[in-house]
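**Student:** coords below, sequence missing:
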């Protein structure tokens with residue numbers, strides 16, 4: 001724990017972007033330590049909770065199972081050949097052994113137990129290993145509702161079933177609940193790290209929403225998008241999706257629609273500018289939407305009607321996150337929040353998703369922008385502790401001065417833990433001012 005915190009503090013000790021991110025060598029060390037904690041502390045708890053005795057993950061190079069991708073050693077960019085991992089729970093001690101049925105050790109944390117010279121058939125070697133372990137339930141990654149937990153290819157499934165004795169093949173079950181829990185659960189080290197990730201994300205947005213990047217009347221929304229992409233690359237990071245910059249303004253036009261297209265190109269004084277942006281770092285992802293106002297000549301603050309609109313958005317956030325309760329499903333939470341939000345006079349849409357090893361991750365889903373009555377499957381997943389969400393939503397606000405509705409679109413990373421919900425780093429409560 002001390003080692004990983006030291007590594008993180010190396011990057012957190014300065015506000016300069018170039019010094020806020022670990023060198024690649026140190027990142028590899030950090031990822032390895034995080035993975036070790038996940039394998040040694042988290043995985044035994046999850047296998048016990050979901051009653052899986054052996055978890056078998058089979059994948060092939062360049063067609064990686066999404067779960068296995070979260071386990072890749074930091075010096076591996078892909079799986080190698082056919083990669084098979086087996087996690088076996090000891091019925092008496094609860095300890096979980098890790099084994100790779102591969103030609104190579106799976107990094108430093110999972111040893112290879114396959115001796116090809118003795119058993120040339122890799123699937124037969126897997127079957128022999130499982131017979132030795134004699135698990136009651138063998139979990140495999142097949143899932144109706146979660147693509148992330150559905151990573152077992154048909155070819156590998158057929159080979160597995162053909163190789164197993166009938167007695168073992170009858171013990172195959174879906175590992176979907178275990179796979180989802182693995183993907184959604186954050187360890188103490190990851191929760192420390194997440195604050196830094198969100199801070200870096202916020203800092204990039206703050207710079208993008210400034211005259212260092214935007215010259216009103218000249219800079220286009222696409223210019224800002226590509227500046228953000230270049231900024232991330234210059235820091236040695238990645239974006240997990242192409243950013244969005246769009247504008248709402250005092251002109252006769254349709255309400256902003258979810259079509260991925262800005263209504264305007266050149267950013268002008270008086271515009272309400274919105275971004276959607278996220279980064280990937282040390283195996284985790286952020287997802288953030290914030291707002292800025294472009295000052296007109298003589299202005300020193302955003303107009304009250306936009307300040308009040310953001311405040312309405314914050315109130316909708318509060319109504320929503322106050323409904324986060326352990327064991328409550330996403331669909332139940334969504335229905336309660338929409339009901340209370342509308343009763344309070346707001347016009348909300350909520351489409352919050354799990355956030356972590358993937359941007360649109362596995363776990364509890366709270367609506368989609370086009371599914372405000374709930375989401376089958378992922379919306380029925382109950383809320384668990386030590387999970388992170390992109391609190392993504394909007395509310396329509398009528399602006400009399402513009403004689404039309406606008407959308408206050410917000411998204412911030414938040415943690416649900418033993419003490420309830422809290423935002424990671426912070427959330428936006430003040431509009432960025434461009435030209436201040």
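**Tutor:** The structure has been received and is ready for your questions. Since the structure is predicted, the reported quantities are computational estimates derived from the model, not experimental observations.
**Student:** Counting neighbours, what do you get for residue 74?
**Tutor:** Neighbours of residue 74 under the rule other CB atoms under 10 Å: 20. For glycine as for every other residue, the C-beta is placed from the backbone atoms N, C-alpha and C.
**Student:** Could I get the pLDDT score of the residue positioned nearest the centre of the chain?
**Tutor:** Geometric centre of the chain, nearest residue: residue 355, 2.5 Å, by CA atoms, centre = their mean. Residue 355 is assigned 96 on the pLDDT scale.
**Student:** Could you pull out the helices in the stretch 301-436 of the chain for me?
**Tutor:** 304-321, 330-343 (DSSP state H, counting those that start in this stretch).
**Student:** Any chance of CSV for those, columns distance to residue 297 and mean pLDDT?
**Tutor:** Output for these, formatted as CSV (distance: least, CB to CB, whole Å; pLDDT from 0 to 100):
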stretch, distance to residue 297, mean pLDDT
helix 304-321, 17, 98
helix 330-343, 37, 97
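**Student:** out of the ones you listed, which comes closest to residue 420?
**Tutor:** helix 304-321 (8.7 Å; CB to CB).
**Student:** Could you check the angle the closest one makes with helix 330-343?
**Tutor:** If you take axes from the mean of the first three to the mean of the last three CA atoms, to 10 degrees, helix 304-321 sits at 140 degrees to helix 330-343.
**Student:** Mind listing what's buried along helix 304-321?
**Tutor:** 306, 309, 310, 312, 313, 315, 316, 317, 319, 320, 321 (16 or more other CB atoms under 10 Å).
**Student:** List the residues that contact the fourth one.
**Tutor:** Contacts for residue 312 (CB atoms under 8 Å, 6 or more residues apart in numbering) come out as 346, 395, 397, 408.
**Student:** Let me have those in CSV, adding neighbour count, distance to residue 364 and pLDDT as columns.
**Tutor:** Shown next, in CSV, are the contacts of residue 312 (neighbours: other CB atoms under 10 Å; distance: CB to CB, whole Å; pLDDT from 0 to 100):
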residue, neighbour count, distance to residue 364, pLDDT
346, 18, 22, 97
395, 24, 21, 97
397, 19, 28, 97
408, 25, 24, 97
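**Student:** Could you find which two of the residues you listed are furthest from each other?
**Tutor:** Spatial extent of these (CB to CB) is set by the pair 346 and 408 at 9.8 Å.
**Student:** Can you pull the residues that touch both of these two?
**Tutor:** Residues touching both residue 346 and residue 408 by CB under 8 Å, 6+ apart: 312, 395.
**Student:** Break the protein down into its structural domains.
**Tutor:** Domain segmentation of the chain under automatic domain parsing yields 2-182, 186-434.
**Student:** among those domains, where is the model least confident on average?
**Tutor:** For the domains of the chain, mean pLDDT drops lowest on domain 2-182, to a mean of 87.
**Student:** Just list the residues touching the residue nearest to the centre of the chain, thanks.
**Tutor:** Contacts for residue 355 (CB under 8 Å, 6+ apart) come out as 285, 286, 287, 361, 388, 389, 390, 413.
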